[in-house]
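Peer 1: Kindly generate the corresponding structure for this input.
(one chain, ligands or ions: 1)
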Amino acid sequence: MFKKLKQHWKVNGLHLAFIIATFALGGSLCGYAGRKILLLLHMDKGVSWVLLYILLIVLLWPICVILISIPFGQFLFFRKYIARIWQKFSGRQKVRIAVFASGAGSNTQVIIDHFAGSPSTRVALIVCNKPGAGVLSIAAKENIPALLINKEQFLNGDHYLAALRENKIGFIVLAGFLWKVPVDLIKAYPKKIINIHPALLPKYGGAGMYGHFVHEAIIAHKEKESGISIHYVDELYDHGEIIYQAKCGVDENDTAESLAKKIHLLEHAHYAAVIEKIVMKG
Ligand code: GRF
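Peer 2: Numbers count the residues shown, from 1 in each chain. Next up is the predicted model:
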């Protein structure tokens, strides 16, 4: 049983011991507090006290468990655990994200890891236009369905809308996807498609400005800073409303390669958290 729990919650033995201790102490504290409250209110007699006691326990349990989890260092685990229970009871569906990516997929991996175990969001589909792209191996390793798309069918209308709907996709994230998103798709997902660009837009964006071309242009223009831009996708390249930017310095001895590394670090640090915020906003 303990082995199963360790696998299910992805924790080690010590972590599991703290979790069980938190459950036990949190449960006792909530039972004790419930009785005390009923005594104070002189409601500890009659048939109704049992019902009141059960109601109080249900209300107090999350508070007590969260309180006890703090000294045990388990706050983050229990915050997620309670959010997941709440999700089930409230009947809210998880938002299913499709990541459109056709490169190595390092951002995709960070996004998948960020939402692993999330009660509200999951990466449900990888959409890719390049057979053999690294991101497809990531999809296979993570057991996430992948959809390989064809350029003509993608660019001419709504061909892939059916597949997205079939997979109940509610939000689209571009992470290294170079084709222009067709208007039909943008209309079907208003303010629900975002992209990350490896420069500070509106500079160094537009057709042909991707990957190393961006970093080479920045070095050639002797820019003092660069960064990332996360923006909504509209019908023009790198043009939609900017949601978030983060900057880094460009040193005299930086090359396109060293700048690309700095930018990747920024992307990995910020993209998933920004996606979470936007998805939560609905
Ligand atoms: C990132 O630099 C992103 O800004 C750009 O494409 C790159 C994808 O990198 N749109 P990876 O495949 O996630 O490593």
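
Peer 1: residue contacts, the residue nearest to the spatial centre of the chain?
Peer 2: Nearest to the geometric centre of the chain sits residue 115, at 4.2 Å (Cα atoms, centre = their mean). With contacts defined as Cβ atoms under 8 Å, 6 or more residues apart in numbering, residue 115 is in contact with 97, 121, 122, 123, 272, 276. To be clear about C-beta, it is placed using only N, CA and C from the backbone, and glycine gets the same treatment.

Peer 1: From the contact counts, what lies against the host helix or strand of the fifth one?
Peer 2: Under DSSP states H and E, the secondary-structure element containing residue 272 is helix 256-281. In this structure, helix 256-281 makes packing contacts with strand 95-100, helix 106-115, strand 171-174, strand 193-197, helix 211-220, strand 225-232, strand 242-249, judged by 3 or more Cβ pairs under 8 Å, 6 or more residues apart in numbering; DSSP states H and E.

Peer 1: average model confidence for it?
Peer 2: The pLDDT scores in helix 256-281 average 96.

Peer 1: next one: stretch 17-35
Peer 2: Rounded mean pLDDT across stretch 17-35 is 92.

Peer 1: before we move on, what about stretch 89-99?
Peer 2: Taken as a whole, stretch 89-99 has an average pLDDT of 86.

Peer 1: So that stretch, near the ligand or not?
Peer 2: No: Stretch 89-99 lies apart from the ligand when judged by Cβ under 6 Å from any ligand atom; the minimum separation is 9.3 Å.

Peer 1: For that stretch, could you pull out the residues that count as buried?
Peer 2: Within stretch 89-99, the residues that qualify as buried are 94, 95, 96, 97, 98, 99, counting by 16 or more other Cβ atoms under 10 Å.

Peer 1: Likewise for stretch 262-272?
Peer 2: Residues of stretch 262-272 classed as buried by neighbour count (16+ other Cβ under 10 Å): 262, 263, 264, 266, 267, 268, 270, 271, 272.

Peer 1: Those: which ones sit near the ligand?
Peer 2: Among the buried residues of stretch 262-272, the ones lying near the ligand by Cβ under 6 Å from any ligand atom are residue 267.

Peer 1: Make CSV from the buried residues of stretch 262-272 and add distance to residue 188 to it.
Peer 2: Output for the buried residues of stretch 262-272, formatted as CSV (distance: Cβ to Cβ, whole Å):
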residue, distance to residue 188
262, 35
263, 30
264, 31
266, 30
267, 26
268, 29
270, 27
271, 23
272, 24
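
Peer 1: Identify the farthest-apart pair in the buried residues of stretch 262-272.
Peer 2: Pairwise distances across those peak at 18.1 Å for 262 and 272 (criterion: Cβ to Cβ).

Peer 1: will you turn the helices and strands packed on helix 256-281 into CSV that also has distance to residue 67?
Peer 2: Converted to CSV, those look like this (distance: least, Cβ to Cβ, whole Å):
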stretch, distance to residue 67
strand 95-100, 30
helix 106-115, 27
strand 171-174, 34
strand 193-197, 37
helix 211-220, 49
strand 225-232, 36
strand 242-249, 34
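
Peer 1: Out of those, which is closest to residue 152?
Peer 2: strand 95-100 (16.8 Å).

Peer 1: Need the mean per-residue confidence for stretch 230-240.
Peer 2: Stretch 230-240 comes out at a mean pLDDT of 93.
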